[in-house]
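[1] sequence? don't have it. structure:
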């Protein structure tokens, strides 16, 4: 059977590129949200999909990135996009400090700790911690981003910013998942003890996965702050984390096309059923249950790794 | 001193509610090694069912306050237990052999489902319990005025916990539950019907959670469809605090958490009340993941 996937990807990318020229501002904005969640999903995918760490507090890092951007931009007028690396850095350092003591916890314990984490961050933001987060009203008046002197203002402009960043993310994470690092993560996800036995420093790799995911979520937070120009603690509540979690699980853990499909299904699809707005979360919950029963691995699970070297000389090298 | 004592009794009352919910988490975790995320919503269902039964049947016309509460509690327990059993049958049993994450996600899905079902049926606004059911007077203990309701909540919870403890320790079914919690395969080999044990656990846990929901309604007077989430999370913290899978642990953990929270709210900051709970949770998991009463067991490799 011939592999049709490159064709599908090409058609998808083409359709996506042309979409803003045919859709109205509302639907372009929906696509922007999908793109933002795709980036977040991809960043969580490193932690949850590849390293297999049950992390349900991703909104905390997203919030840190967004707040870093908002605070520095509104206080010192530094252009928003320049703050993107800093936002990532803040989230990454926070992840390093927070994850270090909890990284050894077993699956569901880690899950519950990360839920606690996201709640603590949200409460801290509401209580105006250090007097800089603006309490429950949040921060407003974040300036619009500029790229090479071009002011990004309309949804169509953001479309290219967001999906451009998503494309870079896909490229880098694709490289990452086929690297020594990616293979090591997959190994320790499948069997922690065996990976440790083969000389993989599991705690170290888990920690790096956590930090990489957090850095990316922080950068997504930067884009979110730029897009909304106003941020409040309620944008980063626990359900945001759940949505990211669902995107990865529904789409397919460890699979980049799967995560993007997941973002479309979870963020984009409900928009089509606006008229049933009140019942859609109900249906959503039911689908989650059904999905786990009938297709545990997600809609588009990653293909098993293949090693050409193994065919050639009868043995591949380990991670 | 008065503030301290008021907060202590308040903390104990709230803590005993946490403990009742925590029992559901801990029993399910003990047998299935699953965090039943939907448990908090079963608790909320209990609160709403209690309200419905109270207002539709007008029980308070026929019975005294105590009678109303007892009849209500029994009805709520029965109904929520059925919901719990159906939940287990539909959302968890097909996933018995699957990856643990799948069951957790299924539980979250069920939680979202219940929460939104409640919202669709009862509306998104706060619902108010009729406040003339329980007597308002306070009891004077050594010169301190303590509301009667508070003592009743505490007393009822403790009674139910003792009953549960005796049930688990002394009866045949209780023994089967303990056996299944230790080793399901071995329990099966000994002729225990593990599916039935799990079903029973999913009847008892939600029943207790449902009663806890009723108590919150009677104690605080107002309920909301999202409340299951926060109470559930706190009760889970209580279960971990005491050592998950351990029934006395859930009781101790619940009471302790209630007191910590009440004291934190009174002496540190009320705005940080919920954050204090989660900090306790994280600290416990880092320092002593098995909880206060849990014994340290080696992980099976």
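    Right, received. Where do you want to start? Quick caveat, the model's predicted, so the values are computed rather than measured.
[2] mind listing the strands for the stretch 201-301 of chain B?
    Remark: strands assigned in the stretch 201-301 of chain B by DSSP state E, counting those that start in this stretch are B:222-223.
[3] show me what from it comes close to chain A.
    Applying CB under 8 Å from any CB of the partner chain, we find that the stretch 201-301 of chain B lies next to chain A at B:229, B:233, B:236-237, B:240, B:269, B:271-272, B:274-275, B:278-279, B:281-282, B:285-286, B:289, B:299, B:301. C-betas here are computed from N, CA, C, even on glycine.
[4] could you flag which of those residues are buried?
    Neighbour counting by 16 or more other CB atoms under 10 Å in any protein chain shown classes B:229, B:233, B:236-237, B:240, B:272, B:274-275, B:278, B:281-282, B:285, B:289 among these as buried.
[5] all helices for chain B, in order.
    Assigned by DSSP state H, chain B shows helices spanning B:2-32, B:39-57, B:65-87, B:100-122, B:148-170, B:172-182, B:184-189, B:194-220, B:227-242, B:247-263, B:273-287.
[6] redo the ones you listed as TSV? Include distance to residue A:49.
    Below are these laid out as TSV (distance: least, CB to CB, whole Å):
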stretch	distance to residue A:49
helix B:2-32	25
helix B:39-57	27
helix B:65-87	28
helix B:100-122	11
helix B:148-170	39
helix B:172-182	32
helix B:184-189	29
helix B:194-220	30
helix B:227-242	25
helix B:247-263	33
helix B:273-287	23
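[7] just the pLDDT for the closest residue to chain A within the stretch 201-301 of chain B.
    In the stretch 201-301 of chain B, no residue comes nearer to chain A than residue B:278, which is 3.5 Å away by CB to the nearest CB. For residue B:278, the pLDDT comes out at 86.
[8] got it, and residue A:308?
    pLDDT recorded at residue A:308 is 68.
[9] cool, the one 10 residues further on as well?
    Residue A:318 is assigned 46 on the pLDDT scale.
[10] counting neighbours, what do you get for whichever residue of chain B sits closest to chain A?
    Closest approach between chain B and chain A, counting by CB to the nearest CB: residue B:109, at 2.7 Å. Using other CB atoms under 10 Å in any protein chain shown, residue B:109 has 25 other residues around it.
[11] list the contacts of the residue of the stretch 201-301 of chain B closest to chain A.
    A:116, A:117, A:119, A:120, B:237 (CB atoms under 8 Å, 6 or more residues apart in numbering or on different chains).
[12] that one and residue A:66: what is the separation?
    To residue A:66, residue B:278 is 21 Å away according to CB to CB, to the nearest Å.
[13] what residue ranges in chain B are flagged as low confidence?
    Where chain B drops to pLDDT under 70, the residues are B:59-61, B:294-301.
[14] apply 80 and report the result again.
    Chain B contains residues with pLDDT under 80 at B:1-2, B:57-67, B:99-101, B:131-146, B:269-271, B:288-301.
[15] get me the contact residues on chain A for chain B.
    So chain A meets chain B at A:54, A:101-102, A:105-109, A:111-113, A:115-117, A:119-120, A:123-124, A:126-127, A:193, A:238, A:242, A:245-246, A:249, A:278-279, A:281-282, A:284-289, A:291-293, A:296 (CB under 8 Å from any CB).
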